[in-house]
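Trainee: pasting the sequence and the predicted coordinates here, then a few questions.
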Amino acid sequence: MDAKLYVSHIGGSIAVPPSKSAAHRAVLSAALATGTSHIHNIEYSDDIRATIDAVAQLGAKIIREEDSLTMQGCGDGFATVTRPVFCKESGSTLRFLIPVFSLTAQKIRFTGAPRLFARPQEIYRALFEKQHLRFEQGPEGITIFGRLLPGIFTLPGDVSSQFISGILFAAPLLESDSTIQVLPPFESKSYVGLTIDALSRFGVRVEESPGPEGKTIFKVAAPQHYRPCDLSVEGDYSQAAFPAVLGCLTGGVTVTGLRPESRQGDKVILDILRRCGAKFSAEADGTLRFERSLLHGVEIDLSDCPDLGPILIAMGCFCSGTTVIRNAGRLRIKESDRIEAMRCELAKMGGRVSAAGDTVTIDGCALHAPSEPLEGHNDHRIVMSLAVAALGAGLPAEIRGARAVAKSWPGFFDAMKKLGAKVELNDGT
Ligand SMILES: O=C(O)C1=C[C@@H](OP(=O)(O)O)[C@@H](O)[C@H](O)C1
Ligand SMILES: C=C(OP(=O)(O)O)C(=O)O
């Protein structure tokens with residue numbers, strides 16, 4: 001699917017989709033609970049579908065309604081897994097589920113898009129090999145065999161927090177207590193906070209404490225049982241960043257559906273925008289109203305909010321002066337190399353983005369209509385960021401591979417249309 005964007009007058013109100021991160025955690029926890037949970041405000045993005053289908057293979061019984069799930073968890077009474085667990089493009093699904101499926105003590109094959117297996121998975125290999133369990137990785141999948149043993153897990157903090165979350169989901173169901181030691185620097189730590197929050201809503205306790213030499217220690221008593229829970233998935237701050245930046249460029253954009261007291265790390269988008277000179281109001285119910293603002297470049301630390309990287313790189317083009325994004329190295333190991341993808345696509349519009357090591361520098365300048373179609377790099381956040389850049393600059397553009405938005409926000413272009421964007425999707429919609 002290609003998206004053609006035309007010069008549009010932007011203005012209006014949209015609700016953000018439910019948090020993908022919170023939804024993965026709720027679905028997995030509900031699957032591991034003994035009893036029936038209700039999860040409201042579910043959006044069937046590709047990644048969330050992958051997690052739902054996978055936990056059904058674990059033995060959870062799931063009734064899908066339009067925007068909610070009723071889930072009868074399997075506790076630790078796992079089903080016989082007869083098919084490969086298909087994780088699509090979802091790093092969260094794969095990395096949360098490897099330790100959990102190991103609890104079945106069955107031989108399990110994980111498959112998905114090739115890019116998923118090009119992203120780092122070595123941390124689990126090392127951990128499984130240390131416990132003399134099978135872990136085989138090829139370009140098309142991973143096969144594991146053997147049940148994780150409780151104990152001390154030492155994990156680097158700067159590859160992906162999803163490994164830490166994965167062990168945290170499995171550890172409560174082991175025979176005895178475990179300790180997870182995270183080595184500094186601990187990046188994306190707020191996502192581990194979301195995991196601990198989800199566990200606590202499902203009745204599982206984790207204790208966090210600082211350790212020697214900058215380590216962070218998580219103690220998980222076991223066995224513990226996941227208890228069922230009724231919850232509504234909160235709005236997604238990572239997704240809110242797209243209409244928020246657009247609103248600062250055009251004015252007249254209202255964003256609803258966010259929880260002001262959320263613990264999502266990407267809530268920091270509001271602080272970043274404020275520092276850049278953005279004018280917006282925030283109401284007690286989470287409603288945000290953005291005004292057209294003169295933005296200026298600032299320094300941004302991306303270590304705890306990597307998913308904001310692509311939209312911040314796009315935004316940097318509209319900021320006067322220079323925007324410097326530090327600790328951005330992990331953008332290279334997401335659905336695409338997000339630094340290179342943004343550099344290359346924005347260059348087609350005159351954008352001046354450069355990277356050295358883990359730092360991305362963007363020099364503000366006037367963008368022009370792209371000289372050729374923009375490529376989505378099979379990456380939802382690249383497609384959405386390029387759409388905001390074109391609409392924000394008031395330029396026509398064609399984005400190839402726009403279907404990638406379905407990974408996290410299938411309704412993204414509908415939301416843009418609701419804001420007045422003239423969008424033509426080449427499947428006729
Ligand atoms: O746990 C999560 O829900 C996520 C953690 C982050 O990954 P890393 O920890 O690999 O940075 C983030 O980029 C990803 O989109 C979602
Ligand atoms: C990187 C992302 O997700 P995941 O790691 O779960 O594939 C993302 O949503 O930007």
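Mentor: Perfect, I can see it now. Note that the coordinates shown come from a computational prediction; the quantities given were computed from them, not determined experimentally. Ligands and ions are numbered 1, 2, ... in the order given.

Trainee: flag every residue of the stretch 201-350 of the chain that's near ligand 2.
Mentor: 307, 334-335 (CB under 6 Å from any ligand atom). Where you see a C-beta, it was placed from the backbone N, CA and C, and this is true even at glycine.

Trainee: what about the closest residue to ligand 2 within the chain, neighbour count?
Mentor: Checking the chain residue by residue against ligand 2 with CB to the nearest ligand atom singles out residue 91 as nearest, at 2.8 Å. Here the count is done by other CB atoms under 10 Å, and residue 91 has 20 residues near it.

Trainee: so how far is residue 229 from it?
Mentor: Going from residue 91 to residue 229 by CB to CB, to the nearest Å gives 25 Å.

Trainee: surely residue 223 is in contact with residue 175?
Mentor: Yes: shown here, residue 223 and residue 175 form a contact pair, counting by CB atoms under 8 Å, at 6.7 Å.

Trainee: looking at the two now, which is surrounded by more residues?
Mentor: For residue 223 and residue 175, the more surrounded residue by other CB under 10 Å is residue 223, and the numbers stand at 13 against 10.

Trainee: pLDDT wise, what is the more buried one at?
Mentor: On pLDDT, residue 223 comes in at 98.

Trainee: excluding its backbone neighbours, what's nearest residue 194?
Mentor: Once flanking residues are discounted, residue 194 sits nearest to residue 21: 5.5 Å by CB to CB, 6 or more residues apart in numbering.

Trainee: element containing that neighbour?
Mentor: Using DSSP states H and E, residue 21 sits in helix 20-32.

Trainee: quick check: the residue nearest to residue 52 when sequence neighbours are not counted vs residue 34, distance?
Mentor: Excluding its sequence neighbours, the residue lying closest to residue 52 (CB to CB, 6+ apart) is residue 27, at 5.7 Å. Residue 27 sits 16 Å away from residue 34, going by CB to CB.

Trainee: neighbour count winner among those two?
Mentor: Shown here are residue 27 and residue 34; by other CB under 10 Å, residue 27 has more neighbours (27 against 15).

Trainee: so that one sits against residue 69, correct?
Mentor: Yes: applying CB under 8 Å as the test, residue 27 and residue 69 come out as touching, 7.0 Å apart.

Trainee: near ligand 1, which residues of the chain show up?
Mentor: Counting by CB under 6 Å from any ligand atom, the chain comes close to ligand 1 at 21, 24, 92, 160-162, 165, 188, 191, 306-307, 330.

Trainee: the closest residue to residue 265 other than its chain neighbours: which element?
Mentor: Sequence neighbours aside, residue 190 is the residue nearest to residue 265 in space, at 2.9 Å (criterion: CB to CB, 6+ apart). Using DSSP H and E, residue 190 maps to helix 189-201.

Trainee: repeat for residue 325
Mentor: Residue 325 belongs to strand 322-326, assigned by DSSP H and E.

Trainee: neighbours of the residue nearest to residue 265, how many?
Mentor: Applying other CB under 10 Å, we find 17 residues neighbouring residue 190.

Trainee: got the residue ranges for the helices in the protein?
Mentor: For the chain, applying DSSP state H gives helices covering 20-32, 46-58, 91-102, 114-118, 122-130, 161-170, 189-201, 237-250, 269-275, 309-316, 338-347, 380-393, 412-418.

Trainee: mean pLDDT and distance to residue 363 added to these, as TSV?
Mentor: Formatted as TSV, the helices of the chain follow (pLDDT from 0 to 100; distance: least, CB to CB, whole Å):
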stretch	mean pLDDT	distance to residue 363
helix 20-32	98	32
helix 46-58	98	34
helix 91-102	98	31
helix 114-118	95	30
helix 122-130	97	36
helix 161-170	98	31
helix 189-201	98	29
helix 237-250	98	17
helix 269-275	98	18
helix 309-316	98	8
helix 338-347	98	11
helix 380-393	98	15
helix 412-418	98	27
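
Trainee: circling back: any common contacting residues for residue 27 and residue 69?
Mentor: Listed as contacting both residue 27 and residue 69 by CB atoms under 8 Å, 6 or more residues apart in numbering are 39, 42, 52.

Trainee: mind checking which of those residues are buried?
Mentor: 39, 42, 52 (16 or more other CB atoms under 10 Å).

Trainee: ok so, going back, could you measure from the residue nearest to residue 265 over to residue 304?
Mentor: Residue 190 is 5 Å from residue 304, by CB to CB.

Trainee: give me the nearest residue to residue 114, chain neighbours excluded.
Mentor: Nearest to residue 114 is residue 139, by CB to CB, 6+ apart, at 5.9 Å.

Trainee: can you count the residues close to that neighbour?
Mentor: 7.

Trainee: for it, grab phi and psi.
Mentor: Residue 139 has phi and psi values of phi -70, psi -20 when expressed as degrees, to the nearest 10.

Trainee: please apply the same query to residue 294.
Mentor: phi -90, psi 110.

Trainee: gap between it and residue 251?
Mentor: Distance from residue 294 to residue 251, by CB to CB: 11 Å.

Trainee: neighbour count: the two, which is higher?
Mentor: residue 251 (15 against 12).

Trainee: got the contact list for that one?
Mentor: Here residue 251 is in contact with 10-11, 290-293 (criterion: CB under 8 Å, 6+ apart).

Trainee: could I get those as JSON lines with distance to residue 394, pLDDT and neighbour count?
Mentor: Supplementary listing: those in JSON lines, determined by distance: CB to CB, whole Å; pLDDT from 0 to 100; neighbours: other CB atoms under 10 Å:
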{"residue": "10", "distance to residue 394": "9", "pLDDT": "98", "neighbour count": "21"}
{"residue": "11", "distance to residue 394": "13", "pLDDT": "97", "neighbour count": "13"}
{"residue": "290", "distance to residue 394": "16", "pLDDT": "98", "neighbour count": "23"}
{"residue": "291", "distance to residue 394": "17", "pLDDT": "98", "neighbour count": "14"}
{"residue": "292", "distance to residue 394": "12", "pLDDT": "98", "neighbour count": "14"}
{"residue": "293", "distance to residue 394": "15", "pLDDT": "98", "neighbour count": "19"}
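
Trainee: and which of those residues is nearest to residue 239?
Mentor: Minimum separation from residue 239 among the contacts of residue 251 (CB to CB) is found for residue 290, which lies at 14.7 Å.
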